[in-house]
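Student: using only what follows, build the 3D model:
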Amino acid sequence: MIDEQLLDDPDALAEADPSGVLRALAGAGAQVRRAADLAAEAGLHRLDAGDRPRAVLVAARGGASVVGDAVAALTGAASPVPVHVRTGDVLPGWIGPLDLVVAVSLSGSSSPATTLVAEAGRRGARVVTVGGADSSLSRVSAQVRGAHVPTPAPGRDAVAVPTTRTALWSLLTPVLVACDRLGLLTAQPADLERLADALDAEAATARPSSETFVNPAKSLAVELAGSVPVVLGDGPVSAVAAARAATVLARTARVPAMAGTLPDDAGDVVATFGGPFASSPDDVFADPFLDEAPAGPRLRLLLLRERAEAASHAVLALAERSGVRVSEVVAEEASELERLGLLVARTDFAATYLALGSGMDPAISPHVADLRDALA
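Tutor: Predicted structure coming up:
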């Protein structure tokens, strides 16, 4: 169950969110603007499409891996050079002096990232790094004559809680700037400003003082409560947002979620409509206020849409016939960047409200802390 009364009480929300996750998410637009300035200060404007690399490797792992996925989706098949995403700690053998390696680590203390950058420098590859201002990654980047863009420190640069879930745009924006300068995608200053404005607008819509019935993020949180979500994207950008949504639902709201892309994963998803977490078709006639609630969590399809796809309509029709409840987030913005921003922001806020309404701190998972201690 979710405490809807708490969701509509800004003071109670603030008390339940001592680390300020909602405040950090609301600063996404400011993150874009600040990161763009830091990228310019780091000299990324000197990158030139006339000196384009043979290939680009974006190395990021854990929660930061969404950066590589987003860049790959935004550059797309039409990119003049291949863009590869790496989550491991071994540099591919083909990387050499003609290539560009971009390494991303929020803290900059990741030893795999520093090892990879050192090896890239040894091979003569160009290097761009994004990470902590005074970190091992920044020092190794300087040693190999790379360009380093610093990430926010706690409580500064509009990020109250610097995690990969709350500081995404501080990590992604510098990489977008670099790729724009190389002619791999479009992320001009005006494009980034429109993105920042769109994130500001979504933050205003999802603000804590906005009541649930007019707040799409709170409404989505209520819909997802007590369910097993299956998150689907119907295009390249929404697929990235779907994977990100599954991550934040797990890490922030502690809800296991499955992510997929249409049309490739349609079969896997509709197969679950007849499984143990699916409702029976008769459930669509049940009165949610008078009838007994189901014994356990039920499947809910969360469809992130950026286009009108035949596969989307087919899956929605099957869900309706099977009694599977559906939530949709539709991004109709003109640019892929803005669509990505809306889908990520909406699901980030929803996962946070779901955690708070369920009595959990969205910033801290004791089990994750225990895992880190065990692996230390």
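Student: element containing the closest residue to residue 325 other than its chain neighbours, please.
Tutor: Leaving out its chain neighbours, the residue that sits closest to residue 325 by Cβ to Cβ, 6 or more residues apart in numbering is residue 300, at 5.0 Å. No exception for glycine: its C-beta is placed from N, CA and C like everyone else's. Secondary structure from DSSP states H and E places residue 300 in strand 298-305.
Student: for that strand, packing partners?
Tutor: Applying 3 or more Cβ pairs under 8 Å, 6 or more residues apart in numbering; DSSP states H and E, we find strand 298-305 packed against helix 216-224, strand 227-233, helix 236-251, helix 310-322, strand 325-330, helix 336-357.
Student: confidence-wise, which of the ones you listed is weakest overall?
Tutor: Among those, helix 310-322 carries the lowest mean pLDDT, a mean of 92.
Student: check contacts around the residue nearest to residue 325.
Tutor: 223-224, 227-230, 324-327 (Cβ atoms under 8 Å, 6 or more residues apart in numbering).
Student: looking at the residues you listed, which is nearest residue 114?
Tutor: Closest approach between the contacts of residue 300 and residue 114, by Cβ to Cβ: residue 229, at 36.0 Å.
Student: the closest one pairs with what?
Tutor: Following DSSP bridges, residue 229 is listed with bridge partners residue 300.
Student: what's the local residue count around it?
Tutor: Residue 229 has 26 neighbouring residues, counting by other Cβ atoms under 10 Å.
Student: got it, and residue 270?
Tutor: Neighbours around residue 270, by other Cβ under 10 Å: 17.
Student: what do you get for residue 10?
Tutor: Around residue 10 there are 13 residues (other Cβ under 10 Å).
Student: and the gap between it and residue 364?
Tutor: Remark: distance between residue 10 and residue 364 (Cβ to Cβ, to the nearest Å) = 21 Å.
Student: now do residue 80
Tutor: On the measure of Cβ to Cβ, residue 80 and residue 364 end up 44 Å apart.
Student: and residue 148, that one's in a strand?
Tutor: Yes - Residue 148: assigned to a strand according to DSSP: H, G, I helix; E, B strand; the rest coil.
Student: I'd assumed residue 134 was in contact with it.
Tutor: No - using Cβ atoms under 8 Å, residue 148 makes no contact with residue 134, being 10.3 Å away.
Student: look at those two and report which has more neighbours.
Tutor: Neighbour comparison, residue 148 and residue 134: the larger count goes to residue 148, with 25 against 9 (by other Cβ under 10 Å).
Student: please name the nearest non-neighbouring residue to the more buried one.
Tutor: Using Cβ to Cβ, 6+ apart, the closest residue to residue 148 is residue 141 (4.2 Å).
Student: which residues are contacting the helix or strand in which the one you found is found?
Tutor: Using DSSP H and E, residue 141 falls within helix 136-143. Here helix 136-143 makes contact (Cβ under 8 Å, 6+ apart) with 103, 105, 108-111, 113-114, 117-118, 121, 127, 129, 131-132, 147-148, 150.
Student: and those residues, which of them are buried?
Tutor: Applying 16 or more other Cβ atoms under 10 Å to these, the neighbour count classes 103, 105, 108, 110, 113-114, 117-118, 121, 127, 129, 131-132, 147-148, 150 as buried.
Student: now, which of those residues lie within strands?
Tutor: 103, 127, 129, 131, 147-148, 150 (DSSP state E).
Student: and which of those is nearest residue 239?
Tutor: Using Cβ to Cβ, those come closest to residue 239 at residue 103, 23.6 Å.
Student: for that closest one, give me its contacts.
Tutor: 59-60, 113, 116-117, 120, 127-131, 137, 141.
Student: residue ranges of each domain in this protein, please.
Tutor: 4-16+209-367, 21-199 (automatic domain parsing).
Student: deepest of those domains, which one?
Tutor: domain 21-199 (a mean of 20; mean count of other Cβ atoms under 10 Å).
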